[in-house]
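S.K.: build me a model from this:
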Amino acid sequence: MARTRQWTDQQVEITISTLLRFGVTLAAAIVIVGGILYLVHHGYETPEDRVFRGKPADLRQIPGILNDALALRGQGIIQLGILLLILTPVARVAFSVFAFWQQRDRLYIIVTLIVLVVLIHGLFATG
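M.R.: Residues are numbered from 1 along each chain as shown. Okay, here's the model as predicted:
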């Protein structure tokens, strides 16, 4: 049986820092593009500060965000960038599960899986 190479703590830390840096940079770039698109299409409008209007219903759920972003709507692209920013630490925890599995550290696998489940539940829970 071939044994897979285990990751060192330093390799894990470097990979996690790269993942976080990439996620934040990508999210920021997407938000900037969405902001520019939004300003191009709506920059001339006068804001109505007296009446609060929340985000449209389609921008409160992932399918709506993806549809608006694919339709190149500025607000949808901005929301997609924010969603990616939120998912970046979730991806970090998911990668940590993999790294602990590679290191055969059962206790940390279990603890990290619990954290991952809590994060995913919090992201998708409604109410």
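
S.K.: alpha carbons only for contacts and neighbour counts from here, please
M.R.: Noted.

S.K.: which elements pack onto the host helix or strand of Leu83?
M.R.: Following DSSP states H and E, the helix or strand that holds Leu83 is helix 74-102. Helix 74-102 sits against helix 9-42, helix 62-70, helix 106-124, with contacts defined as 3 or more C-alpha pairs under 8 Å, 6 or more residues apart in numbering; DSSP states H and E.

S.K.: dump the residue contacts of Ser96.
M.R.: Ser96 sits next to 12, 16, 112 when contact means C-alpha atoms under 8 Å, 6 or more residues apart in numbering.

S.K.: distance of the nearest residue to the first one once chain neighbours are set aside from Val90?
M.R.: Distances taken as C-alpha to C-alpha, 6 or more residues apart in numbering put Ala99 closest to Val12, at 6.6 Å, once the chain neighbours are dropped. When distances are taken as C-alpha to C-alpha, to the nearest Å, Ala99 and Val90 turn out to be 14 Å apart.

S.K.: any idea how far Ala71 is from the most centrally placed residue in the chain?
M.R.: Residue closest to the mean C-alpha point of the chain, counted by C-alpha atoms, centre = their mean, is Leu87 at 2.2 Å. Taking C-alpha to C-alpha as the measure, Leu87 and Ala71 are separated by 22 Å.

S.K.: please apply the same query to Asp9.
M.R.: 42 Å.

S.K.: same thing with Gly35?
M.R.: 15 Å.

S.K.: same thing with Arg106?
M.R.: Applying C-alpha to C-alpha to Arg106 and Ala71 gives a distance of 44 Å.

S.K.: same deal with Ile82?
M.R.: Taking C-alpha to C-alpha as the measure, Ile82 falls 17 Å from Ala71.
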